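Undergrad: 3D, please:
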Amino acid sequence: MIGNGCQIYALNHVFTDISVPKRVQGNQNKQNVIIESGAWNGSNSNILPGVKIGMNSVVGVGSVVTKHVPPFSVFEGNPAKLIKRLK
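TA: Coordinates of the predicted model:
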């Protein structure tokens, strides 16, 4: 399930050259986001590039996921952290 306003990002801006405006430096290579079956991403959560959301896990409302979420776990916060295991 994916809640209202959940945003899933596969790209990020490049900003390595301080002499060039960020808006013209382009994007990094696409980094896939994997969301396994039974996962629940709460409303207004943000899933960043390259992250895997494990099977039957829960991402709390408004959380910012910056690293992999293991299966059967609950992650919440900014950045999202393990709150508890479901199994």
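
Undergrad: for the rest of this, base every contact and every neighbour count on C-alpha atoms.
TA: Noted.

Undergrad: which residues touch stretch 51-66?
TA: By Cα atoms under 8 Å, 6 or more residues apart in numbering, the residues outside stretch 51-66 that reach it are 32-49, 67-80, 86.

Undergrad: what separates the residue lying farthest from the centre of the chain from I53, distance-wise?
TA: Computed with Cα atoms, centre = their mean, the maximum C-alpha offset from the centroid of the chain is found at S19, amounting to 29.8 Å. From S19 over to I53 the distance is 37 Å, taken as Cα to Cα, to the nearest Å.

Undergrad: now swap in P21 and tell me
TA: With distances defined as Cα to Cα, the gap from P21 to I53 amounts to 33 Å.

Undergrad: likewise for E36?
TA: Separation of E36 from I53 (Cα to Cα): 6 Å.

Undergrad: more crowded one of those two?
TA: Residue environment comparison for E36 versus I53 gives the larger neighbour count to I53, 27 against 14, counting by other Cα atoms under 10 Å.
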